[in-house]
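Colleague: sequence plus the predicted model coming up.
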Amino acid sequence: MAVHHTIEVEDCGTRFRCPAGEGLLQAMERLGARSIPVGCRNGGCGLCLVRVTQGAFKAGPMSCRHVPPGHTDLGLALACRIYPQSDLRVRLATDLDRQVSRQSSPEGQNGR
Amino acid sequence: MAISGVLRPGYVQVRVLDMAAALEHYRDRIGLDVVTTTNDGRVFLKAYDEFDHHSIILREADEPGMDFMAFKVMSEGALDELHEKLLAAGVPVEEIEPGDMPAVGRRLAFEAPTGHRFELFATIDLAQIGPMVNNPELWHAEPRGMRALRFDHCLLYGDDIDGAKALFVDVLGFSVTEQVVTPDHTVIATFLSCGMKAHDLALVRHEGKGKLHHVSFLLESWHDVGHAADIMSRYNMSVDIGPTRHGITRGQTIYFFDPSGNRNEVFAGGYTFYPDHPVRTWSTDEVGKAIFYYERALNDRFMTVVT
Ligand code: FES
Ligand SMILES: [Fe+2]
């Protein structure tokens, strides 16, 4: 039996089960829940930004524009790149969360 | 006389978060071939039916999006003329020495009023394995994955699309083929062609600068669009919308995302454009049909999800 973790989205109280190894957003979408907005599902667009308020997780590659280095340790992460390691409580990113991430994100460089 | 000056999109450099995942996507799923890798880790690819050395460049970075898009120009002389015109229009131009990019000659780089970096070049080596020219078979070996024929166009989001449109039309000789206009006559989307395709570049009005909406690849048929959809489901790829059709350009399409969240498109069809054709205009109350002809409504992601 695969290990499952229970995810609770504080904003609406929705709970769903996420198998270990699956992205939080992917599990939510597959189960038909719509608590967190779904964008690219691949860590690029920032639409699914959440703050994890309780629990442990690992994060896959995320755009530094939306999650600046160091901020994952403070619970800021893109739901499509969150791999839960325990039951989690998350809440949708507030304007303040987004502002903070915008201010500390490095300028996009133009590579040649 | 036919097309002169700017011929077609040449190449685009896309930032990816994870090169291994990006290669699986662009090479194994879309079906591009890797041409070369540079010392700085960038990977150059091309579609099987393209003559030029490369069309897609992947660069690993902390943030996805587009570094630049380049157009191929007819000749070095035409490049000089466009250089003059850009300078006369007050556009700062950076000239990049031949050889700075593998297989590519002199490049002219400039920033559009939307914040996107564009390049022009006239010289690029032919690919070692390009389409056959003597008693040409369809291909050397049967194409992989979605069987993309070529890199076709980009749709970019930025604030000053009026300024960018003026630059492409008045200075670089593009034509507007199609547009979306609000009741107060603000253009919110413009489709630009430098040749006979329905679009080579599209721009949508959006706060902020320099955003990528999608990089698009041409497929041979509506049947191949279905085959691409089969591949997307088989490999659990992130699909945005489709298969469907665009009202604008009439292309039959799927929008989907690369593993770094950059949107891609595969499409087939679209009308032929001649420079004497009138501009086709959509009003904002029909924008759903304009973008997604079958759904007749935009999805939320169309306006909000960019890299
Ligand atoms: S949905 Fe785009 S970053 Fe998660
Ligand atoms: Fe497109």
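Modeller: Happy to help now that I have it. Ligands and ions are numbered 1, 2, ... in the order given.

Colleague: tell me how far the residue in the stretch 51-200 of chain B that ligand 1 sits nearest to lies from B:Trp139.
Modeller: Closest contact between the stretch 51-200 of chain B and ligand 1, by C-beta to the nearest ligand atom, is at B:Pro64 (9.4 Å). No exception for glycine: its C-beta is placed from N, CA and C like everyone else's. Using C-beta to C-beta, to the nearest Å, one gets 31 Å for the distance from B:Pro64 to B:Trp139.

Colleague: these two: who's more crowded?
Modeller: Per other C-beta atoms under 10 Å in any protein chain shown, whichever of B:Pro64 and B:Trp139 has more neighbours is B:Pro64, with 31 against 14.

Colleague: and the closest residue in space to B:Gly195 that isn't next to it in sequence, what does it touch?
Modeller: Distances taken as C-beta to C-beta, 6 or more residues apart in numbering or on different chains put B:Ile3 closest to B:Gly195, at 4.9 Å, once the chain neighbours are dropped. Contact analysis of B:Ile3 by C-beta atoms under 8 Å, 6 or more residues apart in numbering or on different chains lists B:74, B:194-196.

Colleague: does stretch B:150-166 come close to chain A?
Modeller: No: using C-beta under 8 Å from any C-beta of the partner chain, stretch B:150-166 never reaches chain A; the gap is at least 11.7 Å.

Colleague: now that stretch: mean pLDDT?
Modeller: When pLDDT is averaged over stretch B:150-166, the result is 98.

Colleague: buried sites along it?
Modeller: By 16 or more other C-beta atoms under 10 Å in any protein chain shown, the buried positions in stretch B:150-166 come out as B:150-161, B:164-165.

Colleague: how about the helices in chain B?
Modeller: For chain B, applying DSSP state H gives helices covering B:19-23, B:76-88, B:161-166, B:222-234, B:287-291, B:300-304.

Colleague: for chain A, which helix is longest?
Modeller: helix A:95-104.

Colleague: residues in contact with that one: which ones?
Modeller: A:46, A:49, A:51, A:65-68, A:71, A:76, A:93.

Colleague: save the residues you listed as a markdown table, and put in neighbour count and pLDDT too.
Modeller: Output for these, formatted as a markdown table (neighbours: other C-beta atoms under 10 Å in any protein chain shown; pLDDT from 0 to 100):
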| residue | neighbour count | pLDDT |
| --- | --- | --- |
| A:Gly46 | 25 | 97 |
| A:Leu49 | 23 | 98 |
| A:Arg51 | 18 | 97 |
| A:Arg65 | 20 | 96 |
| A:His66 | 26 | 96 |
| A:Val67 | 25 | 96 |
| A:Pro68 | 19 | 94 |
| A:His71 | 19 | 94 |
| A:Leu76 | 22 | 97 |
| A:Ala93 | 25 | 96 |
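
Colleague: now, the most widely separated pair of the residues you listed?
Modeller: Pairwise distances across these (C-beta to C-beta) peak at 17.0 Å, for the pair A:Arg51 and A:Arg65.

Colleague: quick one, domains of chain B?
Modeller: As assigned by automatic domain parsing, chain B contains the domains B:6-121, B:150-304.

Colleague: surely B:Gly242 and B:Gly251 touch.
Modeller: No: contact criterion C-beta atoms under 8 Å: B:Gly242 and B:Gly251 do not qualify, at 10.4 Å.

Colleague: neighbour-wise, which of these two wins?
Modeller: The neighbour comparison of B:Gly242 against B:Gly251 (other C-beta under 10 Å) goes to B:Gly251, with 26 against 22.

Colleague: give me the low-pLDDT residue ranges for the chain?
Modeller: No chain specified, so I'll use chain A. A:1, A:105-112 (pLDDT under 70).

Colleague: that was the other one, I meant chain B.
Modeller: Within chain B, the stretches with pLDDT under 70 are B:1-2.

Colleague: ok, the residue of chain A found nearest chain B - contacts?
Modeller: Going by C-beta to the nearest C-beta, chain B is nearest to A:Gly44 of chain A, at 1.7 Å. Counting by C-beta under 8 Å, 6+ apart, A:Gly44 touches A:63, B:17, B:64-65, B:257, B:260-262, B:307.

Colleague: burial measure for the closest residue to it other than its chain neighbours, as a count.
Modeller: Of all residues not flanking A:Gly44 in the chain, B:Gly261 sits nearest, at 1.7 Å (C-beta to C-beta, 6+ apart). Neighbourhood size, B:Gly261 [other C-beta under 10 Å]: 32.

Colleague: what are the buried residues along stretch A:73-81?
Modeller: Neighbour-count burial for stretch A:73-81 flags A:75-81 (criterion: 16+ other C-beta under 10 Å).
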